[in-house]
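Participant: show me how the following folds:
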Amino acid sequence: MSSHGDPIPMTSSACGPLTGTAEVPGDKSISHRSLILGAMAVGETTITGLLEGQDVLDTGRAMQAFGADVVNHGSGSWSVHGVGVGGFAEPDQVIDCGNSGTGVRLIMGAMATSPISVTFSGDASLNGRPMARVTDPLTLFGCKAVGRSGGRLPMTLVGAVDPVPVEYTVPMPSAQVKSAVLLAGLNAPGQTVVIEAEATRDHTERMLAGFGAEISTEITDEGRVITLTGQPELKPLHIEVPRDPSSAAFPVCAALIVPGSDVVVPNIGLNPTRAGLFTTLREMGADLTYENERAEGGEPVADLRVRFSPDLTGIEVPEERAASMIDEYPILSVVASFAKGQTHMPGVKELRVKESDRIDAMATGLRAAGVTVEDGLDWWTVTGLGHGNVTGGATCASHLDHRIAMSFLVMGMATQRSMSVDDGGPIATSFPIFEPLMGKLGADLRRN
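Facilitator: Below is the predicted model of the structure:
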């Protein structure tokens, strides 16, 4: 069932060429952080291009509950009048983060060093996801967390009255954990240090610097050592949110596998910690080019032009690239199904604890569509059948996971028989305009 209503079964069928311009929504990661850091600044932060998916809207409501003045001015234009670092009020209600692991984990970090108590909850998917990876380091600041068995939501956090700075080595590549610790460090005296052996998306570090925090990153033998000086007065910003590379992945990959396609996806963020999918696709032989490369708001962006690529080949995806494309493996596995040979994807155990077990969900659906998939705890291999040879004809479970639903719907655009998903409702959490956007390009998507 969709997290916000009855299930919405959907079917995708083979279509003619996808052509035109795909105006995908704003970057979800940057949208979350814009609202949270805007709420922690002193004065009014203005935001354009904010992603107005359910996940981000839930974060905006949470910031209102903490006392910030959050206003939607229409067409992706928002303002946030912040309360300053350490200025959060105690909410008088449970903070419902819906389906968003990013939202709940970043908000937990932001409030962990304020003397307030907050109860967090979410939908069935989010309530089944592990939170100890975030709450364990937050307790080092003096925060306390009490939740369901296995460190699951609903969970109450009691913020530290006298927070202390910490030095923390992130045990797994996770931008959410790193960001939660950095946000907690804002209201701790002295310097908070986060060490990550493998680089993850650095939107938090970039945005903290933009808001005026004293933050530095050093590359050492241990990895990236990020040092944040606590208790700054964050200054308000004007933020132009680039378009989301994770959302762009769907029209890009659809164009690669649908004959005759030629699609432009403008103003896509190409932060090197997020662009691993596009590098991988090009290595597979994708006709994918970057046009009008530029910088906006401290983030590299470009227009992507992608054309049908009938001669894709499977590759070994470097393990060290996983963190820069962790959300894109589901749709990559679809492209791999239409390539020739094996695509091996190691170092991806994080996929097991996303909105769903994404390896299991995709492997099950791909096999039902006639594709051979092997998988282990932290790897999977897709044996591609080549263009025109993927049977399809399966109905796949989305598991309340927006990326699983969209991946199988993209697959159906090029399979011999239609592909269906049991619930396309979760797509609204990250890509609310997916259906009309793909339809305008020429896709054949139907609600059953």
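Participant: when you work out contacts or count neighbours from here on, use the C-alpha atoms and nothing else.
Facilitator: Noted.
Participant: skipping adjacent residues, who's closest to residue 204 in space?
Facilitator: What sits nearest to residue 204 in space, not counting adjacent residues and going by C-alpha to C-alpha, 6 or more residues apart in numbering, is residue 179, at 6.1 Å.
Participant: that neighbour in helix, strand or coil?
Facilitator: Three-state call for residue 179 (DSSP: H, G, I helix; E, B strand; the rest coil): helix.
Participant: let's have the chain start at 19 instead
Facilitator: With 19 as the first residue, the last one maps to residue 197.
Participant: wait, what's in contact with it?
Facilitator: 124, 127, 222 (C-alpha atoms under 8 Å, 6 or more residues apart in numbering).
Participant: what does residue 437 show for phi and psi?
Facilitator: The phi and psi torsions at residue 437 (degrees, to the nearest 10) take the values phi -110, psi 140.
Participant: just give the nearest non-adjacent residue to it, would you?
Facilitator: For residue 437, the spatially nearest residue (C-alpha to C-alpha, 6+ apart) is residue 430, at 4.5 Å.
Participant: how much space separates residue 333 from residue 171?
Facilitator: 39 Å (C-alpha to C-alpha, to the nearest Å).
Participant: does residue 458 lie in a helix or a strand, and which?
Facilitator: Per DSSP states H and E: residue 458 is located in helix 452-459.
Participant: got it, and residue 127?
Facilitator: helix 119-129.
Participant: return the distance of that helix from the chain's centre.
Facilitator: Remark: helix 119-129 is offset 14 Å from the chain centroid, using C-alpha atoms, centre = their mean, to the nearest Å.
Participant: quick one: mean pLDDT over that helix.
Facilitator: Per-region confidence: helix 119-129 scores 97 on mean pLDDT.
Participant: packing partners of that helix?
Facilitator: Here helix 119-129 touches helix 46-58, helix 72-83, helix 150-157, helix 193-203, going by 3 or more C-alpha pairs under 8 Å, 6 or more residues apart in numbering; DSSP states H and E.
Participant: go again using 7 Å as the cut-off
Facilitator: helix 193-203 (3 or more C-alpha pairs under 7 Å, 6 or more residues apart in numbering; DSSP states H and E).
Participant: residue 96 - nearest residue in space that isn't next to it in sequence?
Facilitator: That would be residue 90: by C-alpha to C-alpha, 6+ apart, it lies 4.6 Å from residue 96.
Participant: need the outlier residue of the chain, farthest from its centre.
Facilitator: What lies farthest from the middle of the chain is residue 180; by C-alpha atoms, centre = their mean that is 32.5 Å.
Participant: any idea which element it lies in?
Facilitator: Going by DSSP H and E, residue 180 is not in any helix or strand.
Participant: for the closest residue to it other than its chain neighbours, give its distance to residue 227.
Facilitator: Closest residue to residue 180 apart from its sequence neighbours, by C-alpha to C-alpha, 6+ apart: residue 160 at 7.2 Å. Look at residue 160 and residue 227: by C-alpha to C-alpha, they are 25 Å apart.
Participant: those two - which one has more neighbours?
Facilitator: The neighbour comparison of residue 160 against residue 227 (other C-alpha atoms under 10 Å) goes to residue 160, with 19 against 16.
Participant: what's the more buried one sitting at in phi/psi?
Facilitator: Torsion angles, degrees, to the nearest 10, at residue 160: phi 110, psi 0.
Participant: residue 53 and residue 78 touch, don't they?
Facilitator: Yes: using C-alpha atoms under 7 Å, residue 53 is in contact with residue 78, at 6.2 Å.
Participant: what about residue 390, neighbour count?
Facilitator: Residues lying near residue 390 (other C-alpha under 10 Å) number 17.
Participant: now swap in residue 460 and tell me
Facilitator: If we define neighbours as other C-alpha under 10 Å, then residue 460 has 17 of them.
Participant: check contacts around it.
Facilitator: Under the criterion of C-alpha atoms under 7 Å, 6 or more residues apart in numbering, the contact list for residue 460 reads 33, 34, 35, 36, 37.
Participant: please tell me how far the last one sits from residue 326.
Facilitator: This points to residue 37. 10 Å.
Participant: what's the overlap in contacts for the two?
Facilitator: Joint contacts of residue 37 and residue 326 (C-alpha under 7 Å, 6+ apart) are 279, 280.
Participant: so between these two, which is more surrounded?
Facilitator: residue 326 (23 against 19).
Participant: surely the more buried one and residue 272 touch.
Facilitator: No: counting by C-alpha under 7 Å, residue 326 stays clear of residue 272, with 8.6 Å between them.
Participant: below-threshold pLDDT in the stretch 19-168 of the chain: ranges please.
Facilitator: Residue ranges of the stretch 19-168 of the chain with pLDDT under 70: 19-22.
Participant: neighbours around residue 239, how many?
Facilitator: 8.
Participant: could you report the pLDDT at it?
Facilitator: For residue 239, pLDDT reads 94.
Participant: circling back to that earlier point, in JSON lines: the contacts of residue 197, plus neighbour count and distance to residue 250.
Facilitator: Putting the contacts of residue 197 into JSON lines (neighbours: other C-alpha atoms under 10 Å; distance: C-alpha to C-alpha, whole Å) gives the following:
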{"residue": "124", "neighbour count": "27", "distance to residue 250": "18"}
{"residue": "127", "neighbour count": "27", "distance to residue 250": "16"}
{"residue": "222", "neighbour count": "22", "distance to residue 250": "15"}
